[in-house]
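Peer 1: below: sequence and its predicted model.
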Amino acid sequence: MTTKNDWKGSSYLTWKEIEQHVSLLVKKIEKTGFEFDKIATVSRGGLVPARLVADYFNIKVIQVDGKKIFKKTLFVDDIYDSGNTFRKIFPRVEHPKKFLYATLVARKGITYPENLVYGKKTRGCEYVVFPWDKIEFERAHLTKD
């Protein structure tokens, strides 16, 4: 198998690793002291992590792809990589000082916004493949030799 992208390899995360990342992330969220009563996310990559974090904090409703993100909202995504998702959603945030952006994984070696918390950093510049996007990744990036 060869990859068709510029990443230096790929890293497949297991469900067990996801659970460990969520546990770390939740502890870091609690440590910030940030008070929230809502969780928001983007569809696709953010749905599963948002659900796992919501379960931990006993939040029953998750806002998905909302046009406006209200105060006291925790935004959850799978990875902080290029920063594109953050830049797209931040203008929708009603109160930027009452907003926290949480991801399971953050790309090592880049600058993070001050209101970002993450579970773990990548080891390098590998493509991170989550269990929920494995099929999509393999379809798009792998070919048989």
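Peer 2: Everything's here; your move.
Peer 1: wait, W132 sits on G45?
Peer 2: Yes: contact criterion Cβ atoms under 8 Å: W132 and G45 qualify, at 7.5 Å. No exception for glycine: its C-beta is placed from N, CA and C like everyone else's.
Peer 1: joint contacts of the two?
Peer 2: Contact criterion Cβ atoms under 8 Å, 6 or more residues apart in numbering; residues bridging W132 and G45 by contacting each: D78.
Peer 1: neighbour count: those two, which is higher?
Peer 2: Neighbours were counted for W132 and for G45 using other Cβ atoms under 10 Å; G45 has more, 20 against 16.
Peer 1: how many other residues sit next to E138?
Peer 2: Using other Cβ under 10 Å as the criterion, E138 is surrounded by 14 other residues.
Peer 1: how much space separates it from K72?
Peer 2: When distances are taken as Cβ to Cβ, to the nearest Å, E138 and K72 turn out to be 39 Å apart.
Peer 1: now L116
Peer 2: Distance from L116 to K72, by Cβ to Cβ: 17 Å.
Peer 1: neighbour count: these two, which is higher?
Peer 2: L116 (17 against 14).
Peer 1: wait, the more buried one sits on F90?
Peer 2: No: judged on Cβ under 8 Å, L116 makes no contact with F90 at a distance of 10.9 Å.
Peer 1: who touches both of the two?
Peer 2: With Cβ under 8 Å, 6+ apart, L116 and F90 have no common neighbours.
Peer 1: residue ranges with poor pLDDT in this protein?
Peer 2: Along the chain, segments meeting pLDDT under 70 span 1-9, 143-145.
Peer 1: run through the strands of it in chain order.
Peer 2: If you assign secondary structure with DSSP state E, the strands in the chain sit at 2-3, 10-12, 38-41, 62-64, 73-80, 99-106, 116-121, 127-129, 142-143.
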